[in-house]
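K.L.:
take this sequence and fold it.
(2 chains)
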Amino acid sequence: TLQITDWMDMIAKNYSDVASLVEYGKTYENRPISLLKIGPTTGVRKKAIWMDCGIHAREWISPAFCQYFVKQLLETYKTDSQIKEMMTNMDFYVTPVLNIDGYIYTWTTDRLWRKSRSPGALGCNCSCDCNGTDLNRNFNANWGTVGVSFNCCSQVYPGSKPLSESEAQAVVDFVEKRKDDILCFLTIHSYGQLLLVPYGHPSIAAPNYDELVRKSTNKMKVGLAAAEAIKKVHGMEYTVGTSPDVLYANSGSSRDWARLTGINFSYTFELRDKGEHGFKLPEEQIQPTCEEAYSGAMHIISYVHDKTFKGTGSAAATATATLWMVLLAVGAALL
Amino acid sequence: MNLTILIVMAVLTGVLGSPYVTDTDVTPGSDSAGMSAHPNSVPEAADGTEVFHEEGVVEEEGVEEDVMATGELNPSHYPAQRAANVVKHYLNTRYGSPYRWVGLHKVHSANAEEVAESGRKYHLEISVQEMTGNTTEKCSAEVLFPALENQRSPQVQASCEALLTANTTAQEEALYQQYRRNHTLLSGHNLPDSYGHIDPDMKPLWHLGGVASSFVMLKESTENTLYNMAQVANVTQLETENDQLRFNYHVLLHDMVSQEIIHWKLLVTWSPAEGVKVLQMEELPKCEHCEVPPKPN
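P.N.:
Numbers count the residues shown, from 1 in each chain, chains lettered A, B, ... in the order given. Modelled structure (predicted):
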């Protein structure tokens, strides 16, 4: 991870007109958690895109993708008018590694570690997996209800309480302040080749489920379109749906928390592969995986950008709502 | 007058879509057994206390998903995918070799039915692919997940179009002879390594580990698990016996649902004639003082 922090410093230095380093928290082992803020300062308050990688330590392709994403933005914004426009209108907040302690642990000690490195709760015996909390079960979003185990040795131990982990708290602190500005929240994981939409709980559906996954009245399907965009790059199929449908029920995820906080476009990306190498994706697959994921992410990002700044889609929704109001008023008057 | 309004509203609802967007594909586990029966349920605490419950959450109207239901299943949803994964493991136990490692390509269709007193049976149309080559083949399969607690392994029947007959005989024979002739017994570890790399020379032993692991994964699978082999931690060749090459394997399995990494020790034999067999299998604790990890339901 020292390499990644060096890289982040280098980016902030070499692209100082559009990139800056923002420290926004500390890990359990007191390492600084930082993101790269990408986007020129325009003097006005900007909308933003959030992306986090490396919540789960062993999912190495995830931090690699965040790095690739930043690199792509910085290498293309001067010549690609779409990227340039998006960066003018929106800032990109990218956290290459959230679970830094865990990530380092996968390099030094256990390649397949998943959780944070906070100590196990009191009463936790067993000497090995019984520390750490699954950061993606620790957010305050139906916390502790499903897809967790309160056995501290479990890989899906959600913590002693919501936001017990400083890493999760850091995200909440940063994002909550800016929730009205953040248009889209992407959290990157592996493996499985999936695009997951809220919520992880099987009984709760996001009000814009249709928009997130399927066709809305006149609009393109967003999630399915993103999967199509991914497939166009190298032919890889990504399944789109809620976690309880296509993977498993879960609670306390960063994606769900973001959605509950009001960020409508909240997605979990599960990158390659489908189990053959699993967490240990071969080096030669890093580039193609990043390319396809970039395409998928960009589809979602351009959608929310265009919806906000070009008014596509919102017009239809407003018209429908107005019509209903009129009808209900008429109905009420007639009764 | 009221009827007219109702008709108008009904028509407009059809045209515009409901003003209430509570559409959900999924209802909570409808299984009356409640606690432990939900497929998304999670490992119980080692001390046996119930660790979570599915009840008591907001229930919204919507289409009932076939969580424990019968009938046609969405092939991209997890119940069909997990059942198909079991078929993959079965095919590996039947046809796998150092040059034939079967992976799941796609689920085309699936349906499930309750079989009284037996369990739940899935009918699947899937495509599998040989990870060693690049061909895909269609298979029809049935998976019965038993209802009884003491009879945990699923039962599988499958028939594949081309029966995975890509000609690997020559390669297998060559490898077999080569390993037999070895003066020093082979060994390897960390396949793949942290970077996903496997030495070309070690690939057949990696595939063999995957195939052997399928014996365990088949035996251990339920509707609440999704197993893949994460790594061959260690493989050591033993003396050949009865014309069978023999290996001790230490493999790491990953269960996607619980996210646990589970260690198994396997005694594996192989020859082109007899195929892969697992003579002994033993689950290992993660470290010396540890207990065996909590099991998913």
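K.L.:
would you map the helices across the chain?
P.N.:
Because you didn't say which chain, this covers chain A. Using DSSP state H, the helices found in chain A span residues A:2-14, A:61-76, A:81-89, A:100-108, A:166-177, A:209-213, A:222-234, A:243-246, A:254-260, A:286-309, A:314-334.
K.L.:
I was thinking of chain B, sorry if that wasn't clear
P.N.:
Under DSSP H, chain B gives helices at B:2-16, B:78-95, B:169-181, B:203-220.
K.L.:
thinking again about what came up before, out of the helices of chain A, which is closest to B:Val278?
P.N.:
helix A:100-108 (29.7 Å; CB to CB). No exception for glycine: its C-beta is placed from N, CA and C like everyone else's.
K.L.:
buried stuff in that closest one?
P.N.:
A:100-106 (16 or more other CB atoms under 10 Å in any protein chain shown).
K.L.:
for it, give the mean pLDDT please.
P.N.:
On average, the pLDDT along helix A:100-108 is 97.
K.L.:
in the stretch 51-200 of chain B, where is pLDDT below threshold?
P.N.:
Within the stretch 51-200 of chain B, the ranges that satisfy pLDDT under 70 run B:51-69, B:132-133, B:148-150, B:163-166.
K.L.:
which residues touch residue 187?
P.N.:
Just so you know, I chose chain A. Residues in contact with A:Thr187 (CB atoms under 8 Å, 6 or more residues apart in numbering or on different chains) are A:51-52, A:55, A:136, A:253-255, A:258, A:266-269.
K.L.:
look at chain B instead
P.N.:
Taking CB under 8 Å, 6+ apart, one finds B:234-237 in contact with B:Ser187.
K.L.:
now with 10 Å?
P.N.:
B:202, B:205, B:234-237, B:247-248 (CB atoms under 10 Å, 6 or more residues apart in numbering or on different chains).
K.L.:
and for A:Arg114?
P.N.:
Taking CB under 10 Å, 6+ apart, one finds A:55-59, A:99, A:102, A:105-106, A:129, A:132, A:134-136, A:155-156, A:279, B:259-261 in contact with A:Arg114.
K.L.:
where does chain A have low pLDDT?
P.N.:
For chain A (pLDDT under 70), the answer is A:1-2, A:125-128, A:205-220, A:312-335.
K.L.:
can you pull up the most central residue in it?
P.N.:
A:Thr187 (1.6 Å; CA atoms, centre = their mean).
K.L.:
so how far is chain B from that one?
P.N.:
Distance, A:Thr187 to chain B, by CB to the nearest CB, to the nearest Å: 16 Å.
K.L.:
sorry, back to before: export the contacts of B:Ser187 to TSV and tack on neighbour count, pLDDT and distance to B:Leu104?
P.N.:
Formatted as TSV, these follow (neighbours: other CB atoms under 10 Å in any protein chain shown; pLDDT from 0 to 100; distance: CB to CB, whole Å):
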residue	neighbour count	pLDDT	distance to B:Leu104
B:Met202	20	97	24
B:Leu205	24	97	22
B:Asn234	17	97	27
B:Val235	23	98	24
B:Thr236	14	97	30
B:Gln237	17	97	30
B:Phe247	24	98	25
B:Asn248	15	98	28
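K.L.:
okay if I get those as JSON lines plus distance to B:Glu125?
P.N.:
Output for those, formatted as JSON lines (distance: CB to CB, whole Å):
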{"residue": "B:Met202", "distance to B:Glu125": "35"}
{"residue": "B:Leu205", "distance to B:Glu125": "33"}
{"residue": "B:Asn234", "distance to B:Glu125": "38"}
{"residue": "B:Val235", "distance to B:Glu125": "35"}
{"residue": "B:Thr236", "distance to B:Glu125": "40"}
{"residue": "B:Gln237", "distance to B:Glu125": "39"}
{"residue": "B:Phe247", "distance to B:Glu125": "35"}
{"residue": "B:Asn248", "distance to B:Glu125": "38"}
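K.L.:
hmm, which two among those residues are most spread apart?
P.N.:
B:Met202 and B:Asn248 (15.3 Å).
K.L.:
need the contact list for whatever residue of the stretch 51-200 of chain A ends up closest to chain B.
P.N.:
Nearest residue of the stretch 51-200 of chain A to chain B: A:Gln155, at 3.8 Å (CB to the nearest CB). Contact analysis of A:Gln155 by CB under 10 Å, 6+ apart lists A:56, A:58, A:112-115, A:129, A:132, A:134, A:137, A:149, B:42-43, B:254-255, B:258-261, B:293-294.
K.L.:
run the last query once more with 6 Å
P.N.:
A:114, B:259-260 (CB atoms under 6 Å, 6 or more residues apart in numbering or on different chains).
K.L.:
any idea how far the nearest residue to B:Leu253 once chain neighbours are set aside is from chain A?
P.N.:
Leaving aside its chain neighbours, B:Leu253 sits nearest to B:Ile262 (4.8 Å; criterion: CB to CB, 6 or more residues apart in numbering or on different chains). Per CB to the nearest CB, B:Ile262 is found 11 Å from chain A.
K.L.:
and B:Ile262, how many neighbours?
P.N.:
Using other CB atoms under 10 Å in any protein chain shown, B:Ile262 is surrounded by 22 other residues.
K.L.:
likewise for the one 10 residues further on?
P.N.:
Applying other CB under 10 Å, we find 19 other residues in the vicinity of B:Pro272.
K.L.:
what does A:Thr242 give?
P.N.:
26.
K.L.:
ok, and the closest non-adjacent residue to it?
P.N.:
A:Val197 (5.7 Å).
K.L.:
residue ranges of the strands in the stretch 101-250 of chain B, please?
P.N.:
Using DSSP state E, counting those that start in this stretch, the strands of the stretch 101-250 of chain B run over B:102-115, B:119-130, B:136-146, B:155-160, B:187-191, B:227-241, B:244-255.
K.L.:
tell me, what residue is most central in chain B?
P.N.:
B:Asn85 (3.6 Å).
K.L.:
please tell me how far that residue sits from chain A.
P.N.:
For B:Asn85, the distance to chain A - CB to the nearest CB - is 8 Å.
K.L.:
that older thread, need the pLDDT of the residue nearest to B:Leu253.
P.N.:
So, for B:Ile262, pLDDT stands at 96.
K.L.:
now do the one 4 residues further on
P.N.:
According to the model's per-residue confidence, B:Leu266 sits at a pLDDT of 98.
K.L.:
count of neighbours near the residue nearest to B:Gln155 when sequence neighbours are not counted?
P.N.:
Nearest non-adjacent residue to B:Gln155, counting by CB to CB, 6+ apart: B:Leu144, 4.5 Å away. B:Leu144: 18 surrounding residues under other CB under 10 Å.
K.L.:
residues touching B:Leu144, list them.
P.N.:
B:119, B:121, B:155.
K.L.:
out of those residues, which is most surrounded?
P.N.:
B:Lys121 (19 neighbours).
K.L.:
my read: that one touches B:Glu113, true?
P.N.:
Yes. Contact criterion CB atoms under 6 Å: B:Lys121 and B:Glu113 qualify, at 5.5 Å.
K.L.:
count the residues that sit near B:Ala233.
P.N.:
18.
K.L.:
so what pLDDT did it get?
P.N.:
For B:Ala233, the model assigns a pLDDT of 97.
K.L.:
what's the distance between it and B:Glu274?
P.N.:
25 Å (CB to CB, to the nearest Å).
K.L.:
hmm, back to that, can I get the helices of chain A in a markdown table with distance to B:Pro285?
P.N.:
Below are those laid out as a markdown table (distance: least, CB to CB, whole Å):
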| stretch | distance to B:Pro285 |
| --- | --- |
| helix A:2-14 | 33 |
| helix A:61-76 | 29 |
| helix A:81-89 | 51 |
| helix A:100-108 | 20 |
| helix A:166-177 | 28 |
| helix A:209-213 | 41 |
| helix A:222-234 | 40 |
| helix A:243-246 | 30 |
| helix A:254-260 | 31 |
| helix A:286-309 | 33 |
| helix A:314-334 | 55 |
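K.L.:
okay, and the beta partners of B:Arg246?
P.N.:
Per DSSP bridges, the residues bridged to B:Arg246 are B:Leu238, B:Thr269.
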